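>>> kindly generate the corresponding structure for this input.
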Amino acid sequence: MHDSLLHMLRALLKEMDYVQSQGAGYYSCSPFAKRFNKLAAEAARPASLAVSVTGLHSTKGKIIACLWRDKAGFPSCAKSKTAQRITLPVSGATMQLNFPDLTPGRYAVTVEHDEDGDGKMGRNFIGMPTEGVGASNNPGGMPGFEKSLVTVGAGSAIMVRIKYLFG
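Model prediction:
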């Protein structure tokens with residue numbers, strides 16, 4: 001959304017330059033100035049991301065959601081020093097959470113259903129998750145950072161579907 005606002009602002013400035021080059025005075029540029037101010041105010045609003053987590057198969061434990069700006073440690077919340085983390089007790093098959101006051105840009109989201117409540121992802125003997133997992137864009141298989149990126153602007157919303165590999 002942020003990129004589209006910048007594109008619209010640039011187009012508006014070009015229109016204003018054209019009108020001015022045709023000899024138009026201050027008053028004929030006034031509508032352009034009003035549009036510019038409105039777009040500039042929209043571009044300045046902080047971004048946020050509402051996440052709807054679906055597919056939780058029990059109300060045990062908690063969900064651990066991480067918001068990633070870079071791929072260091074992705075997709076393991078426990079291995080990241082930079083991802084924003086939200087932890088909430090599970091209260092139903094669908095949960096809502098929000099990452100407010102973000103810089104507009106591209107982010108990835110991972111969600112873990114920590115059913116046993118120990119604060120870490122349960123894994124089997126070969127390292128596969130034994131608890132529910134999900135990522136933005138709901139990619140199949142091992143979620144890659146690039147495949148999970150979403151564009152975040154003011155009022156953005158996504159859905160992350162939790163998958164259970166072993167039941």
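>>> mind listing what the longest strand along the chain pairs with, with the direction of each?
In the chain, with assignment by DSSP state E, the single longest strand is strand 105-114. Strand 105-114 pairs in its sheet with strand 62-68 (antiparallel), strand 132-135 (antiparallel), strand 150-152 (antiparallel), by DSSP bridges.
>>> out of the ones you listed, nearest to Gly119?
strand 62-68 (7.5 Å; CB to CB). Every C-beta, even on glycine, is put in place using the N, C-alpha and C of the backbone.
>>> show me where the chain has strands.
Secondary structure of the chain, counting by DSSP E: strands at 47-54, 62-68, 84-89, 95-102, 105-114, 132-135, 150-152, 156-161.
>>> just put the ones you listed in CSV and tack on mean neighbour count, distance to Ile126 and mean pLDDT.
Converted to CSV, these look like this (neighbours: other CB atoms under 10 Å; distance: least, CB to CB, whole Å; pLDDT from 0 to 100):
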stretch, mean neighbour count, distance to Ile126, mean pLDDT
strand 47-54, 18, 26, 96
strand 62-68, 23, 22, 96
strand 84-89, 14, 26, 96
strand 95-102, 14, 29, 95
strand 105-114, 22, 18, 96
strand 132-135, 24, 15, 94
strand 150-152, 18, 30, 95
strand 156-161, 17, 24, 96
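>>> could those go into a markdown table alongside distance to Pro143?
Listed next are these as a markdown table, based on distance: least, CB to CB, whole Å:
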| stretch | distance to Pro143 |
| --- | --- |
| strand 47-54 | 15 |
| strand 62-68 | 10 |
| strand 84-89 | 17 |
| strand 95-102 | 18 |
| strand 105-114 | 7 |
| strand 132-135 | 4 |
| strand 150-152 | 12 |
| strand 156-161 | 10 |
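>>> quick one on the thing from earlier: now distance to Glu112 too, for the strands paired with strand 105-114, in TSV please.
Listed next are the strands paired with strand 105-114 as TSV, based on distance: least, CB to CB, whole Å:
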stretch	distance to Glu112
strand 62-68	5
strand 132-135	6
strand 150-152	18
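>>> among the ones you listed, which is nearest Thr82?
strand 62-68 (7.8 Å).
>>> quick one: the closest one to strand 95-102, angle?
30 degrees (axes from the mean of the first three to the mean of the last three CA atoms, to 10 degrees).
>>> tell me the angle strand 62-68 makes with strand 47-54.
140 degrees.
>>> and the pLDDT for Met8?
For Met8, the pLDDT comes out at 67.
>>> I misspoke; the intended subject was Asn37.
On the pLDDT scale, Asn37 is placed at 72.
>>> please name whichever of the strands paired with strand 105-114 is nearest to Arg106.
Checking these against Arg106 by CB to CB gives strand 150-152 as the closest, at 5.6 Å.
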